[in-house]
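S.K.: I would like to see how this sequence folds:
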Amino acid sequence: MSENRQFNHYRPENTELRRAECARITALMKSDRPFSFLRLGDMELMFLIAAQNGTEVSWQDKINGEKDLVSSTVAFGHPGLRAEHAPRLQAAYERCSYLDFHDGWIVNKREFPKWKYVRSPDAHRNPGAAVSQLFFDWLRYEFHGYVERRRCLFIGAEAGILAALYVQPLYREASANYWPPGAEPIFLGETRRVGESLDDIKEDLAKSIKDNQVDTIFVSLGGASKILCYELAEELNIAAFDFGGLMRGLTYSGSDGHNFFRATHYPFYFRVPFETYMRALHQSSPDLPPEKVLAKAHAQLMIELIRKEEGWSYASERGGDDCIDLSAENVGHFWRSYARYQELYGHLRTLNSDTIRQVHEFESWRRQLGLGIDGKLLKVSSAGKATLRKVVRRYLHV
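M.R.: Numbers count the residues shown, from 1 in each chain. Okay, here's the model as predicted:
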């Protein structure tokens, strides 16, 4: 990997200011109805700017292609919305109860001046760039107290996995700081493509809210989360929280629930043992073909090596070399998970051409990181070749 490519987006240190704002968000969520908490995602921001300019963003032509993508190394994601959804997304951002502009994130800093919007100056928002991307902290410090004895519904592509994990003792032990004993969560799994099924999803979600007398919804459905949170809060007089990748954080997922390739970033709160996660995956999706099982398993192995700070998120190594952390702790977890992977799925590795391809992708990735004897040999060989090239170039320029 290149030594020059840095993610360089570390967890902020102004903890007390951030915690105070998170507590204010909680107070608003408890007292105000309707209430909608939204986040200005970088891809949604670029989507709206493109819509205002009458152009398309780069990811729109990739939406259909990802449906059939199965990969153990590709990391990709997008909001999933179509051009016709831009007016509803714009309205949600302009009228929601609280908007976190995510203005501490480099992409939003760069792109925000290009976006035209009208939002009341009296509307609630994050205090500024130094106190932004607050949903990470809110889950860490406020979630436990808020969901206790409150009817909350969680909808997202990982909700089926979360439901299966929630009843497992090992998961409840690992997540004890986040799930209180008095919680009454309702999980609604949703794997339809939001761009194709937004209104059908909204109708089903509204029915579940009414049937279960839900007080608060937590929505992890890409760009559709913003539209659903704002519109349903207003129509049903509830609280709604744009949960984003936090459902991956609560499940320790290395991939989005509806995809069979790696996620673009990984919110971290606690580890879930490999076998515990895979058991929940099989319970929620019992009919997955073997190559998709392997792609999911490989994503779980890879997440073990991502840099981890509780209450923050790092991208895959494609976002920066500093997103991989080959610490003794991470590498130890990787090899323990790898051993269980071999025991559980070793029989799939040479089952057919599709599983062989998934294993080849993953094992090449492992060796490139220098893990294992073959990985160390590859590193030494690569270093030797690089040195030889430098010597040859120097000689040719003498």
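S.K.: after the one helix or strand residue 93 maps to, next one along is what?
M.R.: For residue 93, the element it lies in under DSSP states H and E is helix 86-95. The element immediately downstream of helix 86-95 (helix or strand, assigned by DSSP H and E) is strand 98-100.
S.K.: Need the residues that contact that following strand.
M.R.: Strand 98-100 has contacts (C-beta atoms under 8 Å, 6 or more residues apart in numbering) with 25, 28, 35-40, 93, 119, 123-126, 132-135. Where you see a C-beta, it was placed from the backbone N, CA and C, and this is true even at glycine.
S.K.: average pLDDT across it?
M.R.: Per-region confidence: strand 98-100 scores 98 on mean pLDDT.
S.K.: gap between the next helix or strand after it and the chain center?
M.R.: Sequence-wise, the next helix or strand beyond strand 98-100 is helix 106-111, with elements assigned using DSSP H and E. Averaging C-alpha positions (C-alpha atoms, centre = their mean, to the nearest Å) puts helix 106-111 19 Å from its chain's average.
S.K.: Next secondary structure element downstream of helix 106-111?
M.R.: strand 124-125.
S.K.: contact partners of the next helix or strand after that next one?
M.R.: On the C-terminal side of strand 124-125, the nearest following helix or strand under DSSP H and E is helix 135-141. The contact list for helix 135-141, computed with C-beta under 8 Å, 6+ apart, reads 11, 15, 18-19, 22-23, 25-26, 37, 39, 100, 178, 241-244, 246, 249-250, 267, 269, 310-313.
S.K.: out of the contacts of strand 98-100, which are buried?
M.R.: The neighbour-count test (16 or more other C-beta atoms under 10 Å) marks 25, 35-40, 93, 124-126, 132-135 as buried among those.
S.K.: how many neighbours does the closest residue to residue 246 other than its chain neighbours have?
M.R.: Nearest residue to residue 246, sequence neighbours excluded (C-beta to C-beta, 6 or more residues apart in numbering): residue 139, at 5.2 Å. For residue 139, the count of nearby residues is 23 (other C-beta atoms under 10 Å).
S.K.: Which residue comes closest to the spatially most central residue of the chain once chain neighbours are left out?
M.R.: The structure's the chain has its C-alpha centroid closest to residue 245; by C-alpha atoms, centre = their mean the separation is 3.2 Å. Take residue 245 and drop its neighbours on the chain: the residue closest to it by C-beta to C-beta, 6+ apart is residue 267, 5.0 Å away.
S.K.: surely that neighbour meets residue 310?
M.R.: No - in this structure residue 267 lies outside contact range of residue 310 using C-beta atoms under 8 Å: 9.8 Å.
S.K.: Tell me which of the two has more neighbours.
M.R.: Taking residue 267 and residue 310 together and counting by other C-beta under 10 Å, residue 267 has the greater number of neighbours (23 against 13).
S.K.: pLDDT at the more buried one, what is it?
M.R.: Note on residue 267: pLDDT of 97.
S.K.: tell me the contacts of it?
M.R.: Counting by C-beta under 8 Å, 6+ apart, residue 267 touches 136, 139, 245, 246, 248, 249, 312, 313.
S.K.: The last one: how many residues sit nearby?
M.R.: Other residues lying near residue 313 total 25 when counted by other C-beta under 10 Å.
S.K.: Poorly predicted segments of this structure, please.
M.R.: 1-4, 59-66, 381-398 (pLDDT under 70).
S.K.: quick one, strands of it?
M.R.: In the chain, the strands defined using DSSP state E lie at 35-39, 70-75, 98-100, 124-125, 151-156, 184-189, 216-220, 239-242, 260-262, 265-268, 312-315.
S.K.: These into CSV, with extra columns for distance to residue 173?
M.R.: Supplementary listing: the strands of the chain in CSV, determined by distance: least, C-beta to C-beta, whole Å:
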stretch, distance to residue 173
strand 35-39, 29
strand 70-75, 29
strand 98-100, 31
strand 124-125, 36
strand 151-156, 20
strand 184-189, 17
strand 216-220, 22
strand 239-242, 25
strand 260-262, 27
strand 265-268, 17
strand 312-315, 23
